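[1] just need the structure, nothing else, for what follows:
(chains A and B)
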Number of protein chains: 2
Amino acid sequence: MPGEFEVIRRFFDRGPARDARLGVGDDCALLAPLDPHAVFAISTDLLLEGRHFFAGADPASLGHKSLAVNLSDLAAMGARPRAFTLAIGLPEIDERWLAAFCEGLFALADRHGCELVGGDTTRGPRTICITVFGEVPESAALRRDGAQPDDDLWVSGVLGAAAFAVRERNAGRALAPDDEASVRLDRPQPRVELGLALRHLARSAIDLSDGLLGDLGHIVERSRVGAEIDWPAVPVDARLQSLGDEERLRLALSGGDDYELLFSAAPENRTAIAAVGARLGLPLARVGRVVCGSAIRVRDARGRALPVEARGFDHFA
Amino acid sequence: MPGEFEVIRRFFDRGPARDARLGVGDDCALLAPLDPHAVFAISTDLLLEGRHFFAGADPASLGHKSLAVNLSDLAAMGARPRAFTLAIGLPEIDERWLAAFCEGLFALADRHGCELVGGDTTRGPRTICITVFGEVPESAALRRDGAQPDDDLWVSGVLGAAAFAVRERNAGRALAPDDEASVRLDRPQPRVELGLALRHLARSAIDLSDGLLGDLGHIVERSRVGAEIDWPAVPVDARLQSLGDEERLRLALSGGDDYELLFSAAPENRTAIAAVGARLGLPLARVGRVVCGSAIRVRDARGRALPVEARGFDHFA
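    Next comes the predicted model:
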């Protein structure tokens, strides 16, 4: 059975650093911004077996998703991915598992030019902690605290498919791995290109990991504003049409795991933003507006407030 | 019981970023080098309950050690600490535990000007993943691959106390928490100032986490050299004098958890290095030399090779 250093050499050390100044194999990695005027954007996520993924989860999808959720944070900041570290706990050295995990991980990493520069490998419960580094000119960073009253609120893609897949799995009706809803849940595509295109167009942004209302709550809180969502304008996955109104609303607005971007922008940028969506082949929907105050309201087609609870996923609730 | 966001607010969000451009509370933290010619040094460590620390481990010591092992990696690179992220899994919200953990963590962080800029908090087995960021001018970075034949080999401090404490604990003879060996094990002092002082003096460096021989093995491998250690010159903790020769050798050279620095330097820098030790009040011992070849030999007072196995701690062995 290969040991720790052998695992690092065989699976995680992909040769000399390409873009970083120093990669895997020293006390630290060394990394410098490519653009001397940029700052580093940093995010970290911890994934635990039994909590964030099942014991038998497909390792290739897990490798993909572990990095995808972090790249999604960079996207929400308008940052260009550069590098990541991987700290991993493994119950044993399962070479097939590791090969598949690395396949999913590095396929996504390579697609976004994001290089593994260091990590830590240890025996223990299956645990994945990725920390990702991107770069962005400070003035272009898409923060949560920049929303202003009268900004439009936009979301990318369609919402609810991942939550639908979770609902089916929880009900013992697991979808096929290649079902589109499964793919949305297991292999989310971080909206990195969109984040880059929104620099200087959006005033605030966040990625949708905990559900639109919960994540909008963070923008509202940080920007000290309120928000109104036009429910009919929200792009809802077609599968949710078969559900009851309440369940559809819940999955689309509070379901989580969408990894789309929610952002606010001045109304004068509508045309430019629509052009970005067309260029990227990614639907961008104007779903509401920023208002004064501190409340989030969801309105139906006739302008009536719908009863929803604007609350993000709380890992300890 | 407070939820996830409340935990972050109460324990981990210490107000606006001091030194970073953006801290806790957005999708990413933003960080720029203070010195525009510096690069970022990055390291990550994963600590799992039952593997790296006991279930009942003192939380303040755990907070300290979790960051200390990462700062030690920065020290070994000659990097100045800037910031860190903390991803933490907790089985429940235990406010006393969290307060003590944060006390140990932030006392050390503040001492080294290292700011918490982001993280992730989730329910699960107690898990701590810290990623740390320092900065260093690229030409001054102390890498593992810079050792050259005829370099002196140096170590800071004295070795073996932490390994002695582990040995006593494993034998059911736990030392008092304020026993010096316990303190060395539970609250190691990362040699950050030494690392900074060794810029341009040392040619290679590594921190001693896995034992002198194992960590020297990394320098030897990366630098494509061999090494000779003069056993009588190795600074060994006084407690180890009561042990048999073989056990003393084992704890001092392969014991691990010392978190001292091992470095190589040209002989012409001896006086300057001694002056650094005197200034910092930290013993620096010349314990051997770099040689051609690829082997590591340990010699006794009469120059005879001692039978030792030059092997680092392998988490999967």
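[2] so residue A:48 bridges to which residues?
    With DSSP bridges as the criterion, residue A:48 is bridged to residue A:127.
[3] which residues touch it?
    When contacts are counted by C-beta atoms under 8 Å, 6 or more residues apart in numbering or on different chains, residue A:48 touches A:125-127, B:89, B:122, B:124-125, B:127. Any C-beta I mention is one placed from the backbone N, CA and C, and that applies to glycine too.
[4] widest-spaced pair of those?
    A:126 and B:122 (14.2 Å; C-beta to C-beta).
[5] residues in contact with stretch A:223-232: which ones?
    Contacts for stretch A:223-232 (C-beta under 8 Å, 6+ apart): A:144-149, A:153, A:204, A:212-213, A:216, A:219-220, A:249, A:253, A:264, A:287-301, A:306.
[6] look up phi and psi at the residue nearest to the spatial centre of chain A.
    Central residue of chain A (C-alpha atoms, centre = their mean): residue A:72, 3.3 Å from the mean position. Torsion angles at residue A:72 (phi, psi; degrees, to the nearest 10) stand at phi -60, psi -40.
[7] could you do residue A:64 as well?
    With angles defined as degrees, to the nearest 10, residue A:64 sits at phi -60, psi -50.
[8] ok so, going back, and chain B, which of the contacts of stretch A:223-232 contact it?
    Filtering the contacts of stretch A:223-232 for proximity to chain B by C-beta under 8 Å from any C-beta of the partner chain leaves A:144-145.
[9] can I get the buried part of the contacts of stretch A:223-232 as one ChimeraX selection?
    Under the burial definition 16 or more other C-beta atoms under 10 Å in any protein chain shown, those of the contacts of stretch A:223-232 that qualify are selected in ChimeraX by:
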select /A:144,145,146,147,153,204,212,213,216,219,220,249,253,264,287,288,289,290,291,296,297,298,299
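[10] those strands in the stretch 101-250 of chain A, which residues are they?
    A:115-123, A:127-137, A:152-156, A:202-207, A:226-230 (DSSP state E, counting those that start in this stretch).
[11] pull out the buried residues from the longest one.
    Burial within strand A:127-137, assessed by neighbour count using 16+ other C-beta under 10 Å, is assigned to A:127-136.
[12] ok and the host helix or strand of residue A:85 relative to strand A:127-137, angle-wise?
    Assigned by DSSP states H and E, residue A:85 belongs to strand A:80-90. Orientation check (axes from the mean of the first three to the mean of the last three C-alpha atoms, to 10 degrees): strand A:80-90 against strand A:127-137 gives 170 degrees.
[13] help me see whether strand A:80-90 makes contact with chain B, please.
    Yes: using C-beta under 8 Å from any C-beta, we find that strand A:80-90 touches chain B at A:83, A:85-90.
[14] packing partners of that strand?
    Contacts defined by 3 or more C-beta pairs under 8 Å, 6 or more residues apart in numbering or on different chains; DSSP states H and E place strand A:80-90 against strand A:29-31, helix A:59-77, helix A:95-111, strand A:115-123, strand A:127-137, helix A:192-197, strand B:38-48, strand B:127-137.
[15] which stretches of the stretch 201-317 of chain A have low pLDDT?
    A:309-317 (pLDDT under 70).
[16] how about the helices in it?
    Assigned by DSSP state H, counting those that start in this stretch, the stretch 201-317 of chain A shows helices spanning A:212-223, A:245-254, A:270-280.
[17] just the C-alpha atoms of the longest one, please, in CSV.
    So the one you mean is helix A:212-223. Output in CSV follows, covering the C-alpha atoms of helix A:212-223 (Å, rounded to 0.1, in the frame of the first residue of the first chain):
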residue,chain,number,x,y,z
LEU,A,212,-31.7,32.7,-3.3
LEU,A,213,-33.5,34.1,-0.2
GLY,A,214,-30.8,33.2,2.2
ASP,A,215,-28.0,34.5,0.0
LEU,A,216,-29.9,37.6,-0.9
GLY,A,217,-30.2,38.1,2.9
HIS,A,218,-26.4,38.4,3.1
ILE,A,219,-26.4,41.2,0.4
VAL,A,220,-29.3,43.0,2.1
GLU,A,221,-27.6,42.8,5.5
ARG,A,222,-24.1,43.9,4.3
SER,A,223,-25.5,46.6,2.0
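[18] from the chain's centroid, how far away is that helix?
    Its chain's C-alpha centre and that of helix A:212-223 lie 15 Å apart, by C-alpha atoms, centre = their mean, to the nearest Å.
[19] please apply the same query to stretch A:118-134.
    The answer for stretch A:118-134 is 18 Å, by C-alpha atoms, centre = their mean.
[20] and for stretch A:51-71?
    Centroid separation between stretch A:51-71 and its chain, computed with C-alpha atoms, centre = their mean, is 12 Å.
[21] one more: stretch A:138-148?
    Stretch A:138-148 sits 17 Å away from the centroid of its parent chain (C-alpha atoms, centre = their mean).
[22] show me chain A divided up by domain.
    A:4-139, A:142-299 (automatic domain parsing).
[23] what number of residues lie near residue A:248?
    20 (other C-beta atoms under 10 Å in any protein chain shown).
[24] how many neighbours does residue A:217 have?
    19.
[25] residue B:87 versus that one, what's the distance?
    22 Å (C-beta to C-beta, to the nearest Å).
[26] swap in residue A:165?
    Going from residue A:165 to residue B:87 by C-beta to C-beta gives 25 Å.
[27] ok, residue A:139 next?
    Separation of residue A:139 from residue B:87 (C-beta to C-beta): 29 Å.
[28] before we move on, back to that, can you pick out the most distant pair from the residues of strand A:80-90 next to chain B?
    Most distant of the residues of strand A:80-90 next to chain B, by C-beta to C-beta, are A:83 and A:90, 22.1 Å apart.
[29] tell me the residues on the stretch 51-200 of chain A that lie near chain B, please.
    The stretch 51-200 of chain A has residues A:51-52, A:73-74, A:76-77, A:79, A:83, A:85-90, A:92-93, A:117-125, A:127, A:129, A:131, A:133-134, A:136, A:138, A:141, A:143-145 near chain B, with proximity defined as C-beta under 8 Å from any C-beta.
[30] re the thing from before, just put the residues of strand A:80-90 next to chain B in a markdown table and tack on distance to residue B:41, pLDDT and neighbour count.
    Below are the residues of strand A:80-90 next to chain B laid out as a markdown table (distance: C-beta to C-beta, whole Å; pLDDT from 0 to 100; neighbours: other C-beta atoms under 10 Å in any protein chain shown):
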| residue | distance to residue B:41 | pLDDT | neighbour count |
| --- | --- | --- | --- |
| A:83 | 12 | 94 | 26 |
| A:85 | 12 | 94 | 24 |
| A:86 | 17 | 94 | 26 |
| A:87 | 16 | 94 | 26 |
| A:88 | 21 | 94 | 23 |
| A:89 | 24 | 94 | 25 |
| A:90 | 26 | 93 | 21 |
